[in-house]
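Asks: One predicted model, sequence on top.
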Amino acid sequence: MSITRRRLITISAALAVLPAMARATTGTSRQWTGQALGARASIRLDHPDGEAIAARVMAEINRLEDILSLYRPQSALSRLNREGRLAAPPFELLDCLSLAGAVHHASAGRFDPTIQPLWALWAEAAAGGRRPDAAAIEAVRRKVGWRGVELDAAAITLRPGMALTLNGIGQGYVADRVAALLEAEGLTDILIDTGELRALGGKPGGGEWPVRLETGQRLALRQRALATSALLGTTFDRTGKDGHILDPATGRPGRSNWRAISISAPSAAIADALATAACLMPERQAILAMTERFEGARLEAGTAPAP
């Protein structure tokens, strides 16, 4: 398996689970592929009830999309962004945002789900073949800031003008929830791919899941998650200069010395968010200091700065 730069989202992306997953079978090993939060999603199973298990996984992904998707108008996240307040929020939305908040603090604010108004500004400008001007960026940047989010089991409240995105953590969170579902059924030796990798056990028949990083280096994955992020993995402009990961401090596409960042952790959501934040950190030591705040998380050796 080779990890290429993620396509977290494109300007014209629509988030939907495919009505039926395509199935490829080789011997007793089966693979189902579809979509989750706008990215490819696949599950490799070696189990006689694989088709029924896949159906349950599809239903779970669909349920999570109804909570976390930015592109489903009636999702919990969309309603929160539209109304600025969501009473009795679903547990999964609170849980995902709580994890996001932890990474926000550990990254000194570099990971910030409130970046959505800026993302929309850049996307709209790109659709018109231009970049937003400095005044527009600064005006929208004033709407960004984690302090404007109030999380409570009774309600989630946003400061007026704010909006949230779960790109950068949502795909990993879905992988974790699917892993929990499969593990509760006593299943193991499965590789879950929602744009981030989550290994539940190792390979069927023994051994670990072999992964080749974008740098060409190899990694063995077992009972662990891996996320790779790159500033230019997806870009707003056709020239490929304005990357999709925005710096909350400037309101502009991030700049760093890193071509790609790969981080592993027990949780795919945490690995996902840490990899996104790490792209905005110019020094390796800052990345290490951030990952050390999460048990079991680490910057993988295959990650390398650009020449």
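Replies: Now that the structure is in, tell me what you want to look at.

Asks: which helices and strands sit right next to the lengthiest helix in the chain?
Replies: The longest helix of the chain (DSSP state H) is helix 50-68. For helix 50-68, the packing partners by 3 or more C-beta pairs under 8 Å, 6 or more residues apart in numbering; DSSP states H and E come out as strand 29-36, strand 39-45, helix 76-83, helix 91-106, helix 170-184. C-betas here are computed from N, CA, C, even on glycine.

Asks: from these, which stretch is densest packed?
Replies: helix 170-184 (a mean of 23; mean count of other C-beta atoms under 10 Å).

Asks: following that helix, which helix or strand comes up?
Replies: Sequence-wise, the next helix or strand downstream of helix 170-184 (DSSP states H and E) is strand 190-193.

Asks: can I get the CA coordinates of stretch 158-176 in PDB?
Replies: Output in PDB follows, covering the C-alpha atoms of stretch 158-176 (Å, rounded to 0.1, in the frame of the first residue of the first chain):
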ATOM      1  CA  LEU A 158     -20.600  29.600  18.500                       C
ATOM      2  CA  ARG A 159     -19.800  33.300  18.600                       C
ATOM      3  CA  PRO A 160     -21.700  35.100  15.800                       C
ATOM      4  CA  GLY A 161     -20.200  34.800  12.400                       C
ATOM      5  CA  MET A 162     -18.200  31.600  13.300                       C
ATOM      6  CA  ALA A 163     -18.400  28.200  11.600                       C
ATOM      7  CA  LEU A 164     -16.600  24.900  12.200                       C
ATOM      8  CA  THR A 165     -14.900  22.400   9.900                       C
ATOM      9  CA  LEU A 166     -13.900  18.900  10.900                       C
ATOM     10  CA  ASN A 167     -11.500  18.400   7.900                       C
ATOM     11  CA  GLY A 168      -8.300  17.400   9.500                       C
ATOM     12  CA  ILE A 169      -9.800  15.200  12.100                       C
ATOM     13  CA  GLY A 170     -13.100  13.900  10.900                       C
ATOM     14  CA  GLN A 171     -11.800  11.200   8.600                       C
ATOM     15  CA  GLY A 172      -9.600   9.800  11.400                       C
ATOM     16  CA  TYR A 173     -12.600  10.000  13.800                       C
ATOM     17  CA  VAL A 174     -14.700   7.900  11.500                       C
ATOM     18  CA  ALA A 175     -11.900   5.300  11.200                       C
ATOM     19  CA  ASP A 176     -11.800   5.100  15.000                       C
END
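
Asks: roughly how far is it from the heart of the chain?
Replies: 9 Å (C-alpha atoms, centre = their mean, to the nearest Å).

Asks: Give me the below-cutoff pLDDT ranges for the protein.
Replies: Applying pLDDT under 70 to the chain flags residues 1-30, 36-39, 44-46, 301-307.

Asks: Buried ones in whichever helix or strand residue 156 is part of, by neighbour count?
Replies: Residue 156 is located in strand 155-158, with elements delineated by DSSP H and E. Neighbour counts over strand 155-158 (16 or more other C-beta atoms under 10 Å) mark 156, 157, 158 as buried.
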